[in-house]
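> Sequence and predicted model, in that order:
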Amino acid sequence: MNPSSSIILLKNAQVYSPQAMGLQHVLIAAGKIVWLGQTEPSLGPELAPQVMDLQGCILLPGFIDAHTHITGGGGEAGFATRVPPVPLSKFTRAGVTTAVGLLGTDDVTRNTASVLAQVYALREEGLSAYCYTGGYHLPPTTLTGSVKTDMVFLEPVVGVGELAISDHRSSQPTLAELLKVAADAHVARLMTGKAGIVHLHLGDGERGLALVRAAIAESEIPPRTFNPTHVNRRRALFDEACELTKLGCWIDVTAFETGEVGYEPAEALIRYMQSDLPQDKLTISSDGGGCLPCFDHHGHMTSMDFASSMAMTEVFYQLLDEGYALERFLPFFTSNVAALMNFTQKGHIAVGCDADLIILDTQYRIEHVMALGQWHILAKQIIKKGSFEN
């Protein structure tokens, strides 16, 4: 098979879109899904596609990682601890075909311009990439001077984040300050059709989501504007976040280990699946490229690690291995994220959608990955690398 062919027919695929669709044939051209059906499309010889017979293997939408430090995170223990930018294959080998970049604690040596530049770099390498403006602190780091104008005039900018609350590293925002940022994001959403969310980093502070509850109760801003992440880091915080989904908020589980104080990511997803909460209001992300520091009660960092998109994929594998129905948890990685981010051509396998696809092998592990109709992983080998990858 020619991996660079622009017309590809995937035969006999067991399609999850993310709902189970049974055995289907999928035709891809110009980066899009142009045919999906139980009968094989008839094409003239001049349009003869490259054919891959999947023989019943599972075909999924590519994962959307909506919280990743594409320029690298860290820096909390000095300049030498700044994580380098995340290369292309770190996403694709994890099945991630769409990434949303952001800034964290360090919104000083890194800024919206540097995140935006990395978005464009990933796009040139064949990945769908977007970003937030701002970072942990207020006033937000922006390129054009305001959150609203960044969202309106910079096409890849889809929201604000990650703005820190309940964390000793935050700028300790007041309710009025949070509402001002949320109002700008909401109006920009109305003007552009973008997500327009305020993606909120939640720390270990006991205040939890009190500021978000107050913002929803005391303003006319739609609850969907407030998007808390890291909600599984403490059990009480997760329970508190789950209540917000009843009001219309999406909440985001992070694929990191939480120890005894929180819910491990797979456990959080299982608890949510087994609840009567709205199943379209939860997502999972990796925090890839970000620093995972541990602090003592004085705020001193005692250890650090770095996250990867593969952590999210390992959660996916764990749920598969434990026998949970794929169509129940696949939306957390795909369609739920697409709905939150208003990525109308992502998160599903359907005619007109982008050809962002994952094919699993018979052991339910990623074997092939396609982004925008081009193979990045083929037979578990990286065939498309970033500009500075060996």
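Received the coordinates, thanks.

> strands paired with the strand or helix carrying residue 11, and their directions?
Secondary structure from DSSP states H and E places residue 11 in strand 7-16. Note on strand 7-16: by DSSP bridges, its sheet partners are strand 20-29 (antiparallel), strand 50-53 (parallel), strand 58-61 (parallel).

> Which of the ones you listed sits closest to residue 374?
In terms of Cβ to Cβ, the element of the strands paired with strand 7-16 nearest to residue 374 is strand 20-29, at 9.6 Å. For every residue, glycine as well, the C-beta is placed using N, CA and C.

> quick one, what contacts the closest residue to residue 349 other than its chain neighbours?
The shortest distance from residue 349 to any non-neighbouring residue, by Cβ to Cβ, 6 or more residues apart in numbering, is to residue 17 (4.0 Å). For residue 17, the contacting residues are 61, 348, 349, 350, by Cβ atoms under 8 Å, 6 or more residues apart in numbering.

> among the residues you listed, who's most crowded?
Ranked by the number of neighbours (other Cβ atoms under 10 Å), these place residue 61 first, at 31 neighbours.

> where does that residue land on pLDDT?
At residue 61, the model reports a pLDDT of 98.

> and if you look at residue 2?
Residue 2 carries a pLDDT score of 58 in this model.

> secondary structure element for residue 370?
strand 366-371.

> Tell me how far that strand lies from the chain's centre.
17 Å (Cα atoms, centre = their mean, to the nearest Å).

> same for the helix or strand that it is followed by, what does it pack against?
Going down the chain from strand 366-371, the next helix or strand is strand 374-378, by DSSP H and E. Packing partners of strand 374-378 (3 or more Cβ pairs under 8 Å, 6 or more residues apart in numbering; DSSP states H and E): helix 88-92, strand 366-371.

> Partner strands of the last one, with direction?
If I follow you right, that is strand 366-371. Sheet partners assigned to strand 366-371 using DSSP bridges are listed as strand 357-360 (antiparallel), strand 374-378 (antiparallel).

> and of the contacts of residue 17, the nearest to residue 152?
Minimum distance to residue 152 across these is 27.4 Å, recorded for residue 348 (Cβ to Cβ).

> which SS state does that closest one fall under?
Following DSSP: H, G, I helix; E, B strand; the rest coil, the label given to residue 348 is coil.

> for it, what are its contacts?
Contacts for residue 348 were tallied using Cβ under 8 Å, 6+ apart; they are 17, 18, 61, 334, 335, 338.

> for the third one, what are its contacts?
Residue 61 makes contact with 16-18, 330, 334-335, 346-349, 353, 356-358 under the criterion Cβ under 8 Å, 6+ apart.

> What pLDDT does the model give residue 379?
On the pLDDT scale, residue 379 is placed at 97.

> how close does the residue nearest to it when sequence neighbours are not counted sit to residue 288?
Leaving aside its chain neighbours, residue 379 sits nearest to residue 367 (6.6 Å; criterion: Cβ to Cβ, 6+ apart). Distance of residue 367 to residue 288, computed by Cβ to Cβ, to the nearest Å: 21 Å.

> Name the SS class of the spatially closest residue to residue 224 that is not a sequence neighbour, please.
Leaving out its chain neighbours, the residue that sits closest to residue 224 by Cβ to Cβ, 6+ apart is residue 248, at 5.1 Å. For residue 248, the assignment made with three-state DSSP gives coil.
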